[in-house]
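Trainee: quick one: sequence and predicted model below, then my questions.
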Amino acid sequence: DSGVTQTPKHLITATGQRVTLRCSPRSGDLSVYWYQQSLDQGLQFLIQYYNGEERAKGNILERFSAQQFPDLHSELNLSSLELGDSALYFCASSSRPLYGYTFGSGTRLTVV
Amino acid sequence: TQLLEQSPQFLSIQEGENLTVYCNSSSVFSSLQWYRQEPGEGPVLLVTVVTGGEVKKLKRLTFQFGDARKDSSLHITAAQPGDTGLYLCAGRLQPSQGGSEKLVFGKGMKLTVNP
C-alpha cells in the first residue's frame, strides 16, 4: 500500500457519460497530481493541486476538470466521454516534489 | 514530441544477464527519477538523482545522471525474473526551461526477464 488511495479501481461507462475519479493523498502530502496513461502516449500530466489551489495545468481537455477539497482529497471529473478517453488515470501525491511522487494504483476507465 | 526518450523500448533477456536502459533529452532537468511499474499498479519510485554526474546504487541497480543533467541511465546486473516490469524515467524541468513541480515522463522500457 503506497498510501495514496484511488477509487474506483475499474470503471466501464458509455460514450457521452460523466464520471468522477477520487484520490486520497498520502498523509501529510499537500500536492496532488493527476496523470493519464495510455499505451501510445505514456504518462501524460493533466493537472496539479496544492493545498486546495490549482498549481499547474497540462494538456487537460476542457471536458475534464478537477478539484481538491479542504481535507486534501481530490476528484477528477470527466464528462462527455469519448472512446479515446479510455485509459488508466493515476493520482500521485508529494511533499517534496524534487524527490519524487507516490502514485496510487490507478483507475482503469473503459468507455464503450 | 517526447521530452524524454527512452531506449530500448522493449527488452527480453535471460536471468543472469546484464542490461542498460537510457533516458535522453535535449532539456536540462532539476532532478530525474526512475520508477518501476507492474501491470495493474501505479509506478513505484526507485531513485532520484539531483546532481550532474551523480551515481546511485540500489542493490543490483545502478543509476547515473549525466554531467549536463540532460540524460540518465539505469544498469541492472544479473537480472532476475522479479525485475520484470515497465521502467520509467521522469524529470523535473529547470525553471529556466519552463519547469514547474510537474514531472515529465518517458514512455518507458518494458523489461521481461525469463527464468
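Mentor: Alright, I've got the coordinates.
Trainee: helices or strands up against the helix or strand hosting A:F90?
Mentor: Here A:F90, judged by DSSP states H and E, is contained in strand A:87-94. For strand A:87-94, the packing partners by 3 or more Cβ pairs under 8 Å, 6 or more residues apart in numbering or on different chains; DSSP states H and E come out as strand A:5-7, strand A:19-24, strand A:31-38, strand A:74-78, strand A:102-103, strand A:107-111. For every residue, glycine as well, the C-beta is placed using N, CA and C.
Trainee: for chain B, find the nearest of the ones you listed.
Mentor: strand A:102-103 (3.2 Å; Cβ to the nearest Cβ).
Trainee: and that closest one, anywhere near chain B?
Mentor: Yes: judged by Cβ under 8 Å from any Cβ of the partner chain, strand A:102-103 and chain B are in contact via A:102-103.
Trainee: what lies in contact with that strand?
Mentor: A:2-4, A:26, A:29, A:90-94, B:35, B:42-45 (Cβ atoms under 8 Å, 6 or more residues apart in numbering or on different chains).
Trainee: drop anything exposed from the residues you listed.
Mentor: Neighbour counting by 16 or more other Cβ atoms under 10 Å in any protein chain shown classes A:2, A:4, A:26, A:29, A:90-94, B:35, B:42-45 among the contacts of strand A:102-103 as buried.
Trainee: just to revisit the earlier point, mean pLDDT and mean neighbour count added to the helices and strands packed on strand A:87-94, as TSV?
Mentor: TSV is the format used below for the helices and strands packed on strand A:87-94 (pLDDT from 0 to 100; neighbours: other Cβ atoms under 10 Å in any protein chain shown):
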stretch	mean pLDDT	mean neighbour count
strand A:5-7	97	17
strand A:19-24	98	19
strand A:31-38	95	23
strand A:74-78	98	20
strand A:102-103	96	22
strand A:107-111	97	18
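Trainee: let me have those strands in JSON lines, extended by distance to A:S65.
Mentor: Output for the helices and strands packed on strand A:87-94, formatted as JSON lines (distance: least, Cβ to Cβ, whole Å):
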{"stretch": "strand A:5-7", "distance to A:S65": "17"}
{"stretch": "strand A:19-24", "distance to A:S65": "10"}
{"stretch": "strand A:31-38", "distance to A:S65": "11"}
{"stretch": "strand A:74-78", "distance to A:S65": "5"}
{"stretch": "strand A:102-103", "distance to A:S65": "21"}
{"stretch": "strand A:107-111", "distance to A:S65": "15"}
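Trainee: re earlier: and the two most separated of the buried ones among the contacts of strand A:102-103?
Mentor: A:D29 and B:Y35 (16.8 Å; Cβ to Cβ).
Trainee: how near is B:S26 to chain A?
Mentor: Relative to chain A, B:S26 is positioned 18 Å away (Cβ to the nearest Cβ, to the nearest Å).
Trainee: please verify my assumption that that residue contacts B:K70.
Mentor: Yes: shown here, B:S26 and B:K70 form a contact pair, counting by Cβ atoms under 8 Å, at 6.6 Å.
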